[in-house]
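# sequence first, predicted model second:
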Amino acid sequence: MRQTPVYYYSSASGLVRSFAERLERPVLDLSRREVRQSEADGPWVLLTPSYKTGNEANDTIPEAVRRFLRSPVNRRRLVGVIGSGNRNFGRYYQHAARDVAARSGRPVLFEFEIAGTPWDVEECRRVLADLDAALAARGGADGAGGAPAA
């Protein structure tokens with residue numbers, strides 16, 4: 001069964017990268033130019049942090065994520081979103097993941113704070129394994145028509 005790859009963006013802190021790498025599945029780093037400019041070859045999941053600097057006009061979605069989502073193919077093949085956030089951001093906690101999910105019509109599959117706990121990693125692995133099974137049962141569509149319910 002195909003493991004749905006996770007495309008992620010991580011700042012210099014590496015906290016999101018660490019979480020992604022612990023998922024034990026293909027992960028691709030959107031901070032790398034060649035990844036950001038590529039197109040997903042099938043269904044994929046976005047793992048994005050939310051950043052808020054305190055300026056109301058600033059967006060919470062990282063620019064690398066925005067650039068990857070400019071591709072119609074990538075938008076169509078997106079099947080779900082995972083969010084990393086910091087509760088210190090108040091109402092902006094998980095804003096990027098929730099915003100991408102709302103705009104794309106795809107579900108938020110999982111949310112965790114900062115680097116996540118071991119429980120978060122295990123639970124996210126389970127959610128992604130369930131997603132893999134649902135996509136396999138659906139026949140490996142390229143993501144068009146939405147994602148299976150989380």
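Nice, I can see it. Numbering: from 1, shown residues only.

# what about residue 28, which SS state?
Following DSSP: H, G, I helix; E, B strand; the rest coil, the label given to residue 28 is strand.

# check the gap between it and residue 38 for me.
To residue 38, residue 28 is 8 Å away according to CB to CB, to the nearest Å. C-beta coordinates here come from the backbone N, C-alpha and C atoms, glycine included.

# again with residue 5
11 Å.

# what touches both of those two?
Common neighbours of residue 5 and residue 38, using CB atoms under 8 Å, 6 or more residues apart in numbering, are residue 28.

# give the partner strands of the longest strand belonging to the chain in its sheet and their orientations.
Among the segments of the chain that qualify as a strand by DSSP state E, the longest is strand 78-85. If you go by DSSP bridges, strand 78-85 pairs up with strand 44-49 (parallel), strand 108-113 (parallel).

# how about the ones you listed in a markdown table, adding mean pLDDT?
Output for those, formatted as a markdown table (pLDDT from 0 to 100):
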| stretch | mean pLDDT |
| --- | --- |
| strand 44-49 | 96 |
| strand 108-113 | 97 |
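
# deepest-packed of the ones you listed, please.
strand 44-49 (a mean of 26; mean count of other CB atoms under 10 Å).

# other residues contacting that one?
4-11, 15-16, 19-20, 27, 61-62, 65, 69, 74, 77-85, 96-97, 100, 109, 128, 131, 143.

# return the members of those residues classed as buried.
By neighbour count, with 16 or more other CB atoms under 10 Å, the contacts of strand 44-49 hold 4-10, 15-16, 19-20, 27, 61-62, 65, 69, 74, 77-85, 96-97, 100, 109, 128, 131, 143 as buried.
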